[in-house]
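Asks: Next come a sequence and a model predicted from it.
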Amino acid sequence: MTAHAATLTSRSPADPSDILVQIPAPSAFAAVDAVDRARAAQPDWQAGGGAARSAALTAVADAVEAAADELTALAVREVGKPLTEARAEVARTAAIWRYYAQAPYEPTGAVHEAAAGAGLLLSRRLPHGVAGLITPWNFPLAIPSWKAAPALAVGNTVVLKPAPEATACAQRLAEIVQRALPAGVFGVVPGGAVEGNAIVSAADVISFTGSTAVGQAVARAATGRGVPVQAEMGGLNAAIVLPDAHIEQAAAHIAAAISGYAGQKCTATSRVIAVGTALDPLREALAEALRAVPVGDPADAATVCGPLISEHARGQVLDASHGLRALVGGTAPHAPHGPGWYAAPTLVEEVPPGHRLLREEVFGPVAALLPADDLAHAVRIANSVPYGLVTSVHTADLNTALSGLDRLDTGMIRINAPSSGVDFHLPFGGTKASSHGPREQGRAALEFYTSSRTYTLSPAGTM
Ligand code: UN1
């Protein structure tokens, strides 16, 4: 009998019999080999200059746009992302490459006069070498891109280890990127924990997005080796609704943040905190908005809430609200949606303190409605979890919002907007168990993928 190598399978969440990828899982050796190849390609990529790197990143953006329909369909099929969101992710992916294509022309440091005597002090930023990127399945094109593009722009080479569930998306993205870049500059290693660990033990800078348990282990391993690491992990995000909020707008935004892509975003809303008299109107409006959410086939342009990524994920989601008072949902949806792993958008109330929903990320379309006496109380409730990624605040009074939110322990605050959604040109990240290390996205990413060097220049011949 020959021993069977582990198999890596990726199947469609909307139709689990639809298998996109079934390959023998590569190995730790393949991962280390990919890092070696990327390391060999790095000096030329850096020395080739900013104009060449900028042109290459622009070519990736153009190619992503040219392949937009195909990439959209692939994301719909492989990770069950609803068509409208998938289309937006592809557009965002192209925009991210275009944005970072400008980075090679940005200043990389500063010039200072010597503190005493003649001479100059200079600082500049240099790439680390090989960036090891470990990415989740839920943004199978945008997340690899918002990590790879800044890393490449400043002269690193890249090895990407995508989540197994998003292997086909990552491989297609890699083909597009590789066609625009010199050989060896961008490598992809499909696989799971074994390949991920190998990359963490070999790359020169690590960026991770995924679960908190894995992210913390990655952060420890990279820190132990003394390489820079950033990890974006879970969220247990709150929406705070004040009595003066535009209730219909708040309900629409919150329903979208609970149910969009079946809540499978670290930025999804899972706790809705209604302040004072906001409770009754919000309960009614939010329940109505959630009942109206189109659940179904991700290939349908009207769908907002598609299937969960796996049978296990759906089981977790249904368990999370089990035994609680559900205002909406709490079950698999009634209408037949095909063979996929669907769960109905769910809002529960009277959740006992300490319940799992108030401690752990569920990663599904489930939220708890919680009453608060006033804004300060709402902030205390919002802060009472191990995570601190993003909070949405719904109010007509920006003064109250701004002055009352200083104690909110969260990396991002979105006022009169859904908690989900990202502006890729600003830093992204949170506090507590949500994030480790420097922020990603925006210009912050350019700093993360470089280290600073200071030069002291004195005139020759002075004693
Ligand atoms: C979004 O809300 O559009 O993994 C992006 C995640 C986040 C990205 C959220 N890092 O869900």
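Replies: Thanks, I have the structure now. Numbering: from 1, shown residues only.
Asks: Would you mark the buried spots in the helix or strand bottoming out on mean pLDDT in the chain?
Replies: The element with the least model confidence among the helices and strands of the chain, by mean pLDDT, DSSP states H and E, is helix 398-404, at a mean of 84. Along helix 398-404, these residues count as buried under the neighbour rule (16 or more other Cβ atoms under 10 Å): 401, 404. Placement of C-beta: from N, CA and C, glycine included.
Asks: From the contact counts, what lies against that helix?
Replies: Judged by 3 or more Cβ pairs under 8 Å, 6 or more residues apart in numbering; DSSP states H and E, the packing partners of helix 398-404 are helix 375-383.
Asks: what residues does the helix it packs on touch?
Replies: Counting by Cβ atoms under 8 Å, 6 or more residues apart in numbering, helix 375-383 makes contact with 238, 240, 242, 271, 273, 275, 370, 372, 391, 400, 404-405, 407-410, all of which sit outside it.
Asks: related to what we said a few turns ago, what residues sit buried inside the helix or strand that the least confident helix or strand of the chain is followed by?
Replies: Along the chain past helix 398-404, the next helix or strand (assigned with DSSP states H and E) turns out to be strand 412-415. When neighbours are counted by 16+ other Cβ under 10 Å, the buried residues of strand 412-415 are found to be 412, 413, 414.
Asks: domain parsing for the chain?
Replies: 9-233+434-455, 237-415 (automatic domain parsing).
Asks: Save these as JSON lines, and put in distance to the ligand too.
Replies: Output for those, formatted as JSON lines (distance: least, Cβ to the nearest ligand atom, whole Å):
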{"stretch": "domain 9-233+434-455", "distance to the ligand": "5"}
{"stretch": "domain 237-415", "distance to the ligand": "4"}
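Asks: got JSON lines for those, with distance to residue 422 too?
Replies: Putting the domains of the chain into JSON lines (distance: least, Cβ to Cβ, whole Å) gives the following:
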{"stretch": "domain 9-233+434-455", "distance to residue 422": "7"}
{"stretch": "domain 237-415", "distance to residue 422": "7"}
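Asks: Between these, which one is closest to residue 425.
Replies: Nearest to residue 425 among these is domain 9-233+434-455; the distance by Cβ to Cβ comes to 5.2 Å.
Asks: how far is that closest one from where the chain is centred?
Replies: Here domain 9-233+434-455 is found 12 Å from its chain centre; the criterion is Cα atoms, centre = their mean, to the nearest Å.
Asks: Could you pull up the mean pLDDT of that domain?
Replies: Summarised as a single mean, pLDDT over domain 9-233+434-455 is 97.
Asks: mind checking the end-to-end distance for that domain?
Replies: Domain 9-233+434-455 stretches 51 Å from its first residue to its last (Cα to Cα, to the nearest Å).
Asks: so where's the stretch 301-450 of the chain uncertain?
Replies: Judged against pLDDT under 70, the low-scoring parts of the stretch 301-450 of the chain cover residues 334-336.
Asks: mind listing the strands for it?
Replies: 325-328, 346-349, 366-372, 387-388, 390-394, 412-415, 431-432, 435-436, 450-457 (DSSP state E, counting those that start in this stretch).
Asks: Ok, which of the domains of the chain comes nearest residue 426?
Replies: Of the domains of the chain, the one closest to residue 426 (Cβ to Cβ) turns out to be domain 9-233+434-455, at 4.6 Å.
Asks: Throw the strands of the stretch 301-450 of the chain into TSV and include distance to residue 167, thanks.
Replies: Supplementary listing: those in TSV, determined by distance: least, Cβ to Cβ, whole Å:
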stretch	distance to residue 167
strand 325-328	35
strand 346-349	30
strand 366-372	28
strand 387-388	28
strand 390-394	28
strand 412-415	30
strand 431-432	31
strand 435-436	26
strand 450-457	30
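Asks: Return the most buried member of those strands.
Replies: Between those, the one whose residues have the most neighbours on average, counting mean count of other Cβ atoms under 10 Å, is strand 390-394 (a mean of 29).
Asks: Give the pairing partners of it; include direction for each.
Replies: Using DSSP bridges, the strands paired with strand 390-394 in its sheet are strand 237-241 (parallel), strand 412-415 (parallel).
Asks: I'd like these as JSON lines, with distance to residue 329 appended.
Replies: Rendered in JSON lines, the data for those read as follows (distance: least, Cβ to Cβ, whole Å):
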{"stretch": "strand 237-241", "distance to residue 329": "17"}
{"stretch": "strand 412-415", "distance to residue 329": "24"}
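Asks: Of those, which is nearest residue 226?
Replies: The stretch from the strands paired with strand 390-394 with the least distance to residue 226 (Cβ to Cβ) is strand 412-415; that distance is 29.3 Å.
Asks: Touching that closest one from outside, list them.
Replies: When contacts are defined by Cβ under 8 Å, 6+ apart, strand 412-415 is touched by residues 389-395, 398, 401, 405, 421, 428-430.
Asks: So residue 341 is in contact with residue 306, correct?
Replies: No - the pair residue 341 and residue 306 does not pass the contact test of Cβ atoms under 8 Å, sitting 9.5 Å apart.
Asks: Which neighbours do the two have in common?
Replies: Both residue 341 and residue 306 are in contact with residue 13, where contact means Cβ under 8 Å, 6+ apart.
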